[in-house]
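1. here is a sequence together with a model predicted from it:
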Amino acid sequence: MPFDPEATGFIPRLTFTAEAPPKEDTPAKEEAPAKEGTSTKEDSPAKEDTSAKEDSTAKDDASMDQDATAVKAGPTADLDEGGDPEVTTAVRVPRPLHIGHPPTAEEDASAAGTVIMPVQGGTPAREDEPEDDEPEDTSDTKPSLALPKPPPAEAPADDVPDTAATNPSLVPPKPGPVSGPQPLPRPQPPSGPQPADGPQPVPGSGARPASGPQPVSGPQPVSGPQPAGGPQSVAVALKAGPAAQEQKAAPQPTPPAKPSLVRRLIATAPKWLPVALVLEGLFMYILALKVPPSPLGGVDPNDIDGLGLISALPVTAFIAILIMIASFFLTVVQSSDRKFLLLFQIAAITFALHGAGSLVAVEPRFPTAYIHAGFVEFISRTGESAISIDARMGWPGFFALFAFVTKAAGISDMTAILQWTPLLSNLLYLLPFVLILRQVVATTRARWFAALLFVLVQWIGQDYFSPQGFTFALYLAWVAILLRWFGRVEPRTKPVPPKGLRRLIGRLDAMTPGELANTGIYRADKLLMLFMLVALFFAAVASHQITPFMMLGTLTAFLIFKRTTLTWALPFALGLVVLAWISYMTVGFWSSQIDAIFGGLGNILQNLRSNTGDRIEGTDPAHALVLQARLGILVVILSLAATGLLRRLRRGVFDRSAVILLCVPVLALALQSYGGEIGLRIYMFALPGACLLAAYAFFPNLPADSADAREETVPLRKRNVRFSPNLTRKISLGLAACFAVLFAMAFLLARYGNEKFERVTQGEVAALEYVYKNDKPSAKVVYLVPKVGQEVTPTLPWGERDIERINFNVQALVHKDPTMIADAVNTMKAEPRNSYLIVSRGQVSYLQLNEGYPDDWGTRFRAALDASPDLKRVFSNQDAALYTWKKFVRGTEIPEPLPYKSGRGDPTSPWTPVGVGALGVTWAAFFAYEIIRLNGPNRARRARKRLLYLAVPAFVVALAVIVERFIYIAQIS
């Protein structure tokens with residue numbers, strides 16, 4: 001290969017190899033330098049050793065090793081034959097390259113060592129040159145490689161480099177620019193006495209040349225056998241006698257210093273810094289909320305005002321939340337998708353936001369959770385549900401599940417379960433939602449930011465111990481299974497119509513799908529997941545009133561927009577399940593209030609008013625800010641969702657599944673107001689689609705076909721690029737971080753804005769314990785309301801036990817003037833014996849924040865009740881007081897038991913047996929049709945037609961009987 005002085009060559013390793021001694025019966029002979037292309041007998045062992053150590057190198061490396069020669073001179077030949085093997089070594093050191101003239105005989109005579117010389121882009125020349133002074137054959141394209149002659153002993157000291165002067169070991173020269181083909185200068189001999197005759201030992205490197213290619217300093221020679229050198233080396237056996245021992249005893253240069261600990265930490269910061277930050281933020285947050293109250297930590301419940309818990313949180317809690325959010329974004333910007341770390345960071349943020357109430361409260365917060373615990377206690381004690389006590393007992397699936405768990409585990413006190421259910425529920429929501437995010441065509445940043453948004457804007461508060469919180473997890477799992485195992489993504493093959501609405505629909509259908517296509521799923525997996533879908537739906541039907549309709553609406557929309565491989569047989573069968581449960585299992589609920597169930601159908605404006613305008617009214621200025629913040633979060637997240645949808649459409653991507661998840665829950669406004677809470681439920685069920693589309697507002701691009709998670713791609717289309725893509729990504733990431741911080745602070749305001757009356761104190765729990773001890777055979781609890789007749793949930797921990805004995809349906813009217821107690825006294829007079837008027841901290845706070853009652857209203861009202869001659873106080877503490885009627889007729893102090901009877905005894909209709917049979921036939925036929933359809937659309941067509949011929953008439957009969965039951969039972973009730 002011709003030598004290229006401008007090329008950058010490979011710098012081989014500097015190695016030492018011990019030469020194997022020859023056999024003892026081989027006579028020692030003095031050898032002359034070998035001719036080019038030949039080798040001596042003594043060279044054979046060295047060559048065998050070299051080839052054995054470099055058997056994994058390329059062929060060109062092996063061919064260069066074959067050009068190695070053994071030079072033996074003077075008395076060292078005897079050592080080579082039978083002397084000490086430790087003295088005889090083969091040394092590989094950088095060797096100067098002679099360019100332009102061949103090595104002289106004197107230089108060959110003084111050479112004694114194995115030299116590796118880096119060649120810049122070329123191949124080292126052969127060392128076995130003739131001893132005469134004949135000119136080199138210029139026809140050979142390989143440059144010659146020879147040892148330079150050492151300078152005489154009286155050479156000036158300036159000719160010796162600093163490194164060689166301080167250390168006689170091998171020091172390779174430094175690299176430098178190549179100015180042309182120039183020979184390298186000869187190396188300087190090591191200091192110390194030299195032998196009078198014989199070859200001189202060659203140091204590892206010579207003086208630094210003024211110009212030309214310079215090798216970079218590499219590993220230093222060590223004694224003993226070493227592996228072969230790099231690919232560009234020439235091996236020569238070195239026999240130096242005493243000089244070799246002297247060189248061996250010379251001090252070795254110090255190895256290059258390792259990077260300091262600080263530098264190594266800085267270099268590996270992207271790996272450990274996010275982990276350290278999230279752990280630090282989590283630890284700081286726990287300390288900030290659990291330590292005794294102080295300026296930098298602890299929470300004093302007395303500091304909670306109209307703004308809620310955020311008014312009592314220390315500044316260190318906010319700093320800890322900011323640290324955890326910063327840790328999340330530091331991980332997101334990295335090139336690798338660190339799934340477990342990102343999931344842990346989101347879980348830590350979830351713990352900080354949704355677990356704040358559990359960390360601060362002494363008793364489980366949110367009063368309604370206590371009545372649900374009472375339902376569990378009743379079912380566990382009696383083994384049956386009682387819809388006559390409460391309408392929610394008509395959907396007892398959730399309560400029956402926990403009754404079984406608590407009884408099997410021997411749990412009698414559900415305080416810990418009530419305390420940590422909000423946090424555990426939100427952590428449970430993350431699992432199916434992350435599975436949903438895996439089925440969309442989005443970048444890593446978009447997916448994980450959508451998961452973070454889902455945590456930050458979930459302020460509804462339906463995650464407490466309730467059927468709604470439980471069935472919302474079932475809904476997310478339902479959607480995840482539909483997308484993962486039954487998703488459908490088919491590109492449009494039909495031409496787009498030329499005009500009209502069909503053209504718009506065709507253009508949307510022709511866009512890039514926003515979902516991943518599911519391929520390679522086995523039929524057994526689909527069959528298992530189909531049964532899982534049915535099980536989830538039945539569990540939701542038996543546990544909650546709204547969730548099954550959300551599931552059914554999502555499945556129907558997926559079928560309409562061709563986003564599932566399931567058929568229309570499944571929604572018809574599941575829809576019949578919902579109607580059958582309401583008709584047959586909840587008769588005690590709807591038989592006497594048909595108007596309350598169906599009266600809200602179609603009243604969209606009225607339902608919207610009861611869930612928006614009525615929710616932001618309030619007299620306390622601080623609390624009004626909380627209510628407006630909730631509406632503001634709704635407006636911002638929907639605006640971001642619309643922006644994300646538009647940005648994806650501009651890139652030619654249509655996210656039909658996300659749009660379905662966002663829009664289907666809105667249809668529930670046409671059902672009924674659901675006690676004024678249907679708007680809150682719609683917001684909660686629309687969050688998965690809204691958060692996904694909102695993430696696209698910041699990261700709308702498609703993922704690139706690359707292992708680098710940061711890379712993005714935009715579908716090919718004609719669009720003007722106004723800004724640099726890198727600048728746009730940085731701006732989007734910064735805006736996403738700002739919105740995350742904004743949502744986190746708004747979450748604390750919206751989620752815990754009612755903490756002044758939603759938290760439960762120990763005094764309130766003690767007051768209800770007194771009622772439980774004195775409820776034999778029955779009792780009544782009268783609570784305070786500003787207006788009689790409204791559906792107001794009492795803000796006290798009611799119904800934790802003995803729900804069949806205690807009645808909480810009596811209201812006492814109170815006024816802003818705390819001295820006006822006449823209405824409350826008259827209410828107590830009309831009630832039977834063993835009735836208790838309760839005045840609690842939560843009720844008083846509710847009246848102050850939402851109705852404008854004075855700040856000292858509670859103290860003055862209790863004083864007025866104490867002064868009443870008709871009432872007497874039977875229990876009191878700083879948080880609650882109980883009053884009862886002072887005088888009863890002798891012998892009537894014991895109240896009558898409540899008219900509760902076990903068993904259902906629901907009314908029925910004449911056609912009910914026929915309807916039950918038709919239901920069984922319909923479900924069996926539809927499910928069989930769906931199972932057969934899993935094999936493919938063209939399999940068993942005749943069998944599926946027969947099933948449809950059987951299912952359709954049975955469906956009509958079952959539906960007709962359900963309608964007949966509603967009409968007949970409503971008339972006789």
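-> Yes, it's here.
2. which stretches of this protein form strands?
-> With strands called from DSSP state E, the chain shows them at 16-17, 90-91, 97-98, 144-145, 512-513, 653-654, 702-703, 712-713, 779-785, 806-813, 835-840, 871-876, 880-885.
3. quick one: mean pLDDT over the first one.
-> The predicted model assigns strand 16-17 a mean pLDDT of 44.
4. check the second one too.
-> When the per-residue pLDDT values of strand 90-91 are averaged, the result is 42.
5. likewise for the longest one?
-> Mean pLDDT, computed over strand 806-813, is 91.
6. mind listing what it pairs with, with the direction of each?
-> According to DSSP bridges, strand 806-813 forms sheet pairs with strand 779-785 (parallel).
7. and the contacts of the partner strand?
-> For strand 779-785, contacts defined as CB atoms under 8 Å, 6 or more residues apart in numbering pick out 771, 792, 794, 796, 798, 805-808, 810-814, 824, 827-828, 831-832, 834-839, 843, 847, 895. In this view, the C-beta of every residue, glycine as well, is placed from N, C-alpha and C.
8. filter these down to the buried ones.
-> Taking 16 or more other CB atoms under 10 Å as the criterion, what is buried in these is 771, 794, 796, 798, 805-808, 810-814, 824, 827-828, 831, 834-839, 843, 847, 895.
9. quick one, grab the pLDDT at Ala779.
-> pLDDT recorded at Ala779 is 90.
10. neighbours of it, how many?
-> Neighbour count of Ala779, defined by other CB atoms under 10 Å: 22.
11. is it in a bridge, and if so with what?
-> Beta-bridge partners for Ala779, by DSSP bridges, are Ile806.
12. ok, now how distant is it from Ala540?
-> To Ala540, Ala779 is 35 Å away according to CB to CB, to the nearest Å.
13. same thing with Val291?
-> 42 Å.
14. more crowded one of these two?
-> With neighbours defined as other CB under 10 Å, Val291 and Ala540 compare such that Ala540 has more, 29 against 14.
15. give me the mean pLDDT for stretch 915-933.
-> Stretch 915-933 shows a mean pLDDT of 94.
16. now that stretch: buried residues?
-> If you call a residue buried by 16+ other CB under 10 Å, then stretch 915-933 has these buried ones: 915, 918-919, 921-923, 925-930, 932-933.
17. my guess is Ile972 contacts Pro907, does it?
-> Yes. Counting by CB atoms under 8 Å, Pro907 is a contact partner of Ile972 at 6.1 Å.
18. so between the two, which is more surrounded?
-> Taking neighbours as other CB under 10 Å, Ile972 and Pro907 compare with Pro907 leading, 14 against 9.
19. for Pro913, see how far away the nearest residue to that one once chain neighbours are set aside is.
-> Among residues not flanking Pro907 along the chain, Ile969 sits closest, at 5.1 Å (CB to CB, 6 or more residues apart in numbering). Per CB to CB, Ile969 is found 15 Å from Pro913.
20. number of residues surrounding Pro854?
-> Neighbours of Pro854 under the rule other CB under 10 Å: 14.
21. which residue is the nearest non-sequential neighbour of it?
-> Pro854 sits nearest to Lys816 (CB to CB, 6+ apart), 6.9 Å away.
22. from Tyr853, how far out is the one you found?
-> 5 Å.
23. Pro907 now?
-> Computed as CB to CB, the Pro907 to Tyr853 distance reads 45 Å.
24. again, but for Glu490
-> With CB to CB as the criterion, Glu490 and Tyr853 are 62 Å apart.
25. so if I had to pick from the two, which one is more boxed in?
-> More crowded of Glu490 and Tyr853, by other CB under 10 Å: Tyr853, with 23 against 11.
26. correct me if wrong: that one contacts Ser845.
-> No. Using CB under 8 Å as the test, Tyr853 is too far from Ser845 to be in contact (9.5 Å).
27. which stretches of the stretch 251-400 of the chain form helices?
-> For the stretch 251-400 of the chain, helices defined by DSSP state H, counting those that start in this stretch occupy the ranges 261-267, 269-290, 315-332, 339-354, 356-360, 368-382, 397-409.
28. now do the buried residues in the third one.
-> Just to be clear, that refers to helix 315-332. For helix 315-332, a neighbour-count test (16+ other CB under 10 Å) marks 316-318, 320-321, 323-332 as buried.
29. what packs against that helix?
-> Contacts defined by 3 or more CB pairs under 8 Å, 6 or more residues apart in numbering; DSSP states H and E place helix 315-332 against helix 269-290, helix 339-354, helix 444-456, helix 725-751.
30. next, the angle from the shortest one to helix 315-332.
-> Relative orientation of helix 444-456 versus helix 315-332 (axes from the mean of the first three to the mean of the last three CA atoms, to 10 degrees): 150 degrees.
31. helices and strands around helix 444-456, which ones?
-> Looks like helix 444-456 contacts helix 315-332, helix 339-354, helix 415-437, helix 678-696, helix 725-751 (3+ CB pairs under 8 Å, 6+ apart).
32. ok, and which of the ones you listed has the densest surroundings?
-> helix 678-696 (a mean of 25; mean count of other CB atoms under 10 Å).
33. how far off helix 725-751 does that one point, in degrees?
-> 160 degrees.
34. tell me the angle of helix 678-696 relative to helix 415-437?
-> Using the same axes, to 10 degrees: helix 678-696 against helix 415-437 is 50 degrees.
35. so for helix 678-696, what's the average pLDDT?
-> Across helix 678-696, pLDDT averages out at 93.
36. CA atoms only: put that helix into PDB for me.
-> Extracted C-alpha coordinates of helix 678-696, given in PDB (Å, rounded to 0.1, in the frame of the first residue of the first chain):
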ATOM      1  CA  ILE A 678     -73.200  14.600  36.100                       C
ATOM      2  CA  GLY A 679     -70.900  17.400  34.900                       C
ATOM      3  CA  LEU A 680     -68.200  16.200  37.300                       C
ATOM      4  CA  ARG A 681     -68.600  12.700  36.100                       C
ATOM      5  CA  ILE A 682     -68.400  13.800  32.500                       C
ATOM      6  CA  TYR A 683     -65.200  15.700  33.200                       C
ATOM      7  CA  MET A 684     -63.600  12.600  34.800                       C
ATOM      8  CA  PHE A 685     -64.500  10.200  32.000                       C
ATOM      9  CA  ALA A 686     -63.400  12.700  29.400                       C
ATOM     10  CA  LEU A 687     -59.900  13.100  31.000                       C
ATOM     11  CA  PRO A 688     -58.100  10.200  29.100                       C
ATOM     12  CA  GLY A 689     -58.900  11.700  25.700                       C
ATOM     13  CA  ALA A 690     -58.500  15.300  26.800                       C
ATOM     14  CA  CYS A 691     -55.000  14.700  28.400                       C
ATOM     15  CA  LEU A 692     -53.800  12.800  25.300                       C
ATOM     16  CA  LEU A 693     -54.900  15.600  22.900                       C
ATOM     17  CA  ALA A 694     -53.500  18.200  25.300                       C
ATOM     18  CA  ALA A 695     -50.100  16.600  25.200                       C
ATOM     19  CA  TYR A 696     -50.200  16.900  21.400                       C
END
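37. that helix packs against which elements?
-> In terms of contacts (3+ CB pairs under 8 Å, 6+ apart), helix 678-696 is packed against helix 415-437, helix 444-456, helix 467-485, helix 604-611, helix 621-650, helix 656-663.
38. deepest-packed of the ones you listed, please.
-> Most buried of the helices and strands packed on helix 678-696 by mean neighbour count (mean count of other CB under 10 Å) is helix 444-456; its value is a mean of 25.
39. can I get it in CSV, CA atoms only?
-> Extracted C-alpha coordinates of helix 444-456, given in CSV (Å, rounded to 0.1, in the frame of the first residue of the first chain):
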residue,chain,number,x,y,z
THR,A,444,-42.1,9.4,24.1
ARG,A,445,-42.4,12.9,25.4
ALA,A,446,-46.1,13.2,24.3
ARG,A,447,-47.0,9.9,25.9
TRP,A,448,-45.4,10.6,29.3
PHE,A,449,-46.5,14.2,29.4
ALA,A,450,-50.1,13.0,28.8
ALA,A,451,-49.7,10.6,31.8
LEU,A,452,-48.4,13.6,33.9
LEU,A,453,-51.4,15.7,32.8
PHE,A,454,-53.8,12.9,33.8
VAL,A,455,-52.4,13.2,37.3
LEU,A,456,-52.3,16.9,37.5
